[in-house]
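**Q** Below: sequence and its predicted model.
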Amino acid sequence: MALITLSDAHLAYGDLPLLDAAALSIEPGERVGLIGRNGTGKSSLLAVLAGRQALDDGLLQRQDGLRTHYVEQEPLLPEAPSFKESLILRGHLDETSDEKEKWRLYAKLEENLTRFELDPEGDPKLASGGERKRAALALAFTIAPDLMMLDEPTNHLDMRAITLLETVCNEELKNQRSLIVITHDRAFLDNVATRIVELDRGALRSYPGNFAAYESRKEEELAAEALERRRFDKFWAQEEVWIRKGIEARRTRNEGRVRRLEQLRRERAARRDQMGSIRLSIDAGEKSGKVVAEVTGLSKRFGDRDVVKNLDFTLMRGDRLGLIGRNGAGKSTLIKLILGKLAPDEGKVKLGTNLKIAYFDQLREQLDLSKTVAETISPGSDWVEIAGERKHIIAYLGDFLFPPRRANVPVSSLSGGERNRLLLARLFALPANLLVLDEPTNDLDIDSLELLEQTLASYPGTIILVSHDRRFLDNVVTEVLAPEGEGRWREYVGGYAEWFAQRPKEPERVKEAPKAPEEKKSRPKSSAPQKVKLSWREARELESLPEKLEALETEQGELIARMSEGDYHTRPVEEIKADGARLEQIEREIAEGWARWEELSAKEAEAGR
């Protein structure tokens with residue numbers, strides 16, 4: 001019996017149907033990958049299935065006693081001193097009346113937090129986006145519902161966390177437990193999904209198997225659909241010619257044929273064509289010199305942590321270099337060092353001749369939120385020039401799926417996916433023979449990802465790419481630079497798959513069995529002085545502090561610059577007050593951060609003696 005069934009479902013956003021007489025059922029033990037273009041309504045559908053949003057019309061049936069759990073794109077953690085306490089509140093674990101079951105859940109939550117490489121006693125206020133996502137996933141697998149719903153679970157996760165999530169999904173979601181997951185990570189869908197459901201123009205289409213099986217079936221289906229449409233359009237055109245003869249139509253009094261034509265007209269008017277695709281083209285401009293960048297003895301340290309140490313490598317014209325590594329490994333720092341945006345502690349970077357660089361920043365700091373979409377692409381002009389061809393700004397924005405009405409909206413009102421497309425549009429409007437792309441795939445749907453891959457494959461210039469999308473890396477890069485600990489980086493020929501096969505194996509972590517309380521009491525006390533060691537939580541905190549302090553100082557500088565603008569006093573009073581309060585808060589956080597860094601650094605140095 002199906003866990004959940006959707007019948008004749010209707011849901012609209014404005015005048016655009018998100019669900020149009022859609023039907024879906026989820027069976028026990030299924031792992032369903034929900035895919036579709038951005039804006040088609042995938043998250044809305046998941047919210048409907050989770051009971052967080054109502055249908056406009058149709059029927060949603062749930063199995064009696066069905067337990068579901070929903071992890072949204074950006075999980076919010078309740079305020080609490082530790083991850084464990086925050087998640088207990090989020091999951092209402094403390095409301096369980098059975099004390100034995102409550103303590104079992106607490107123990108399971110601790111186990112899952114450790115499994116997702118989080119300290120249960122860690123402070124959620126200091127958590128990054130990836131850590132919040134891993135915490136929410138740890139709670140989901142602790143609750144172990146009959147049906148788990150995950151909305152973009154791989155966002156903010158690095159490769160290690162993504163592969164761990166794949167393992168947990170395949171191990172835990174057994175015994176009739178089911179999963180619905182929205183993701184653009186094709187490798188994840190290949191490794192986890194047992195069925196793909198596509199939301200396309202209001203309809204839900206189901207394909208058995210993983211993403212690779214879907215691709216094969218979809219290609220055949222699109223070819224058949226295109227053929228059927230050509231036949232329909234040909235027949236409709238013939239009937240339109242016949243009706244325009246007028247006299248013959250009246251003479252024959254073929255009323256059935258006239259009614260059939262009217263029906264054809266209604267069908268054609270109601271037919272919703274497949275949503276457009278981004279049309280990408282890059283102007284590579286003139287060729288750069290043969291050597292693009294020569295890195296010699298490059299080193300960079302934050303506090304006592306080596307991010308890059310004694311790195312040597314040469315980037316040649318036409319190379320496609322991928323940077324792989326965990327969050328916080330220093331990939332973005334390495335890019336800034338290569339581009340001269342950050343000074344090294346030691347060594348040097350020599351850039352080649354005739355370089356024209358286009359830099360895609362994952363934080364989208366290059367976007368001015370106060371400007372309009374059109375001003376961002378072509379300030380002061382209605383035209384852009386791509387590879388010598390002049391194009392109107394409206395037509396160019398249309399290539400990136402921005403309708404004319406969106407050309408004059410401020411950047412601040414755009415969604416994450418729209419900002420990503422806008423940054424790509426801005427990037428590709430510039431002639432560049434070196435593309436530096438830091439996480440360009442964030443918030444892009446699968447169709448746009450594949451088109452970006454094809455565009456980069458035909459790009460004649462040089463590419464430096466940071467991405468956690470394994471398939472994207474395999475399809476784009478020809479060599480990989482990966483960290484190997486203590487600031488050392490190693491170069492590999494090939495893409496992600498080649499790196500994965502050749503990478504140094506990590507030592508297996510031995511899990512110690514918990515000791516009974518009696519054993520702890522009976523342990524004799526040592527008379528020797530004990531070394532003060534950093535706890536796991538403190539080591540992680542020390543490692544992350546430099547990056548967090550750098551981000552705070554950047555925000556502080558931007559805020560001061562904004563408050564120094566000549567017309568700042570004309571802004572709303574609430575905004576000025578909020579900016580002042582935030583500036584004071586940042587100053588406190590920076591002072592506290594440096595004090596904490598000094599404390600932990602001293603403790604680490606003491607432990608090493």
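**A** Cool, the structure landed.

**Q** okay, and for the stretch 151-300 of the chain, where does confidence drop off?
**A** Counting by pLDDT under 70, the stretch 151-300 of the chain shows low-confidence ranges at 222, 228, 232, 235-236, 239-285.

**Q** And the strands in the stretch 51-200 of the chain, which stretches?
**A** 57-62, 68-71, 147-151, 178-182, 195-200 (DSSP state E, counting those that start in this stretch).

**Q** Remind me what the last one packs against, helices and strands.
**A** Taking 3 or more Cβ pairs under 8 Å, 6 or more residues apart in numbering; DSSP states H and E as contact, the helices and strands that strand 195-200 lies on are strand 16-26, strand 31-35, strand 203-208, helix 211-244. Placement of C-beta: from N, CA and C, glycine included.

**Q** ok, and what's touching that strand?
**A** Applying Cβ atoms under 8 Å, 6 or more residues apart in numbering, the contact partners of strand 195-200 are 18, 22, 24, 30-37, 40-42, 45, 189, 204-211, 213-214, 218, 274-275.

**Q** which parts of it are buried?
**A** Using 16 or more other Cβ atoms under 10 Å as the test for burial, strand 195-200 gives 195, 196, 197, 198, 199.

**Q** How many residues are close by the nearest residue to the fourth one once chain neighbours are set aside?
**A** Once flanking residues are discounted, residue 198 sits nearest to residue 205: 4.8 Å by Cβ to Cβ, 6 or more residues apart in numbering. Other residues near residue 205 come to 16 when the count uses other Cβ atoms under 10 Å.

**Q** now do residue 500
**A** Here the number of neighbours of residue 500 (other Cβ under 10 Å) works out to 17.

**Q** What average pLDDT does the helix or strand containing it get?
**A** Secondary structure from DSSP states H and E places residue 500 in helix 496-502. On average, the pLDDT along helix 496-502 is 90.

**Q** Ok, stretch 6-22 next?
**A** Mean pLDDT, stretch 6-22: 89.

**Q** Now it: buried residues?
**A** Judged by neighbour count using 16+ other Cβ under 10 Å, the buried positions of stretch 6-22 are 6, 9, 11, 17, 18, 19, 20, 22.

**Q** ok, of the residues you listed, which one's closest to residue 448?
**A** residue 18 (18.9 Å; Cβ to Cβ).

**Q** surely the closest one meets residue 36?
**A** No: counting by Cβ atoms under 8 Å, residue 18 stays clear of residue 36, with 9.9 Å between them.

**Q** Quick check on the residue nearest to residue 425 when sequence neighbours are not counted: phi, psi?
**A** Closest residue to residue 425 apart from its sequence neighbours, by Cβ to Cβ, 6+ apart: residue 400 at 4.4 Å. As for residue 400, its main-chain torsions (degrees, to the nearest 10) stand at phi -110, psi 20.

**Q** Equivalent analysis for the one 3 residues further on, please.
**A** Residue 403 has phi and psi values of phi -70, psi 160 when expressed as degrees, to the nearest 10.

**Q** likewise residue 121?
**A** Main-chain dihedrals, residue 121, degrees, to the nearest 10: phi -90, psi 0.

**Q** Wait, it touches residue 85, no?
**A** No: contact criterion Cβ under 8 Å: residue 121 and residue 85 do not qualify, at 9.0 Å.

**Q** could you show me where the strands are in the stretch 251-400 of the chain, in order?
**A** 291-302, 305-316, 320-323, 346-351, 357-360, 383-386, 389-392.

**Q** which of these sits most buried?
**A** Among the strands of the stretch 251-400 of the chain, the stretch with the highest mean neighbour count (mean count of other Cβ atoms under 10 Å) is strand 320-323, at a mean of 23.

**Q** Check which helices and strands it is in contact with.
**A** helix 331-339, strand 462-466, helix 470-476, strand 479-483.

**Q** ok, residues contacting that strand?
**A** Contacts for strand 320-323 (Cβ under 8 Å, 6+ apart): 315, 331, 334-335, 456, 462-467, 473, 476-482, 495-496.

**Q** Buried only: go through those residues for me.
**A** Among the contacts of strand 320-323, those classed as buried by neighbour count (16+ other Cβ under 10 Å) are 315, 331, 334-335, 456, 462-467, 473, 476-477, 479-482, 495-496.

**Q** if we can go back for a sec, and the buried residues of strand 195-200 as JSON lines, adding distance to residue 81?
**A** Listed next are these as JSON lines, based on distance: Cβ to Cβ, whole Å:
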{"residue": "195", "distance to residue 81": "42"}
{"residue": "196", "distance to residue 81": "42"}
{"residue": "197", "distance to residue 81": "41"}
{"residue": "198", "distance to residue 81": "44"}
{"residue": "199", "distance to residue 81": "41"}
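
**Q** out of these, who's nearest residue 324?
**A** Comparing the buried residues of strand 195-200 against residue 324 with Cβ to Cβ picks out residue 196 as the nearest, at 27.0 Å.

**Q** How about the closest one: what's its closest non-neighbour residue?
**A** residue 214 is the one closest to residue 196 (Cβ to Cβ, 6+ apart), at 4.0 Å.

**Q** can you check residue 143 too?
**A** Counting by Cβ to Cβ, 6+ apart, residue 69 is the residue found nearest to residue 143 once chain neighbours are left out, at 5.1 Å.

**Q** can I assume the one you found is in contact with residue 150?
**A** No: Residue 69 is beyond contact range of residue 150, at 9.2 Å (criterion: Cβ under 8 Å).

**Q** Pull the contacting residues for the closest residue to residue 340 other than its chain neighbours.
**A** Of all residues not flanking residue 340 in the chain, residue 349 sits nearest, at 6.7 Å (Cβ to Cβ, 6+ apart). Shown in contact with residue 349 (Cβ under 8 Å, 6+ apart): 293, 294, 295, 296, 298, 337, 338, 340.

**Q** partners of the fifth one in the sheet?
**A** Each beta-bridge partner of residue 298 is listed here, defined by DSSP bridges: residue 311.

**Q** For residue 340, see how far away it is.
**A** Remark: distance between residue 298 and residue 340 (Cβ to Cβ, to the nearest Å) = 12 Å.

**Q** contacting residues for residue 487?
**A** So residue 487 contacts 299, 300, 301, 305, 306, 307, 308, 309, 310, 330 (Cβ under 8 Å, 6+ apart).

**Q** Could you rerun that using 7 Å?
**A** By Cβ atoms under 7 Å, 6 or more residues apart in numbering, residue 487 lies in contact with 306, 307, 308, 309.

**Q** can you pull the pLDDT of the residue nearest to residue 340?
**A** Listed pLDDT for residue 349 reads 94.

**Q** Can you tell me who it pairs with across the strands?
**A** Beta-bridge pairing of residue 349 under DSSP bridges involves residue 295.

**Q** hmm, back to that, distance to residue 50 added to the strands of the stretch 251-400 of the chain, as TSV?
**A** As requested, these are exported to TSV (distance: least, Cβ to Cβ, whole Å):
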stretch	distance to residue 50
strand 291-302	41
strand 305-316	41
strand 320-323	36
strand 346-351	49
strand 357-360	34
strand 383-386	43
strand 389-392	43
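
**Q** so which of those comes closest to residue 54?
**A** Closest approach to residue 54 among these is made by strand 357-360 (39.2 Å; Cβ to Cβ).

**Q** For residue 138, find the nearest of the helices and strands packed on strand 320-323.
**A** Relative to residue 138, the nearest member of the helices and strands packed on strand 320-323 by Cβ to Cβ is helix 470-476, separated by 22.7 Å.
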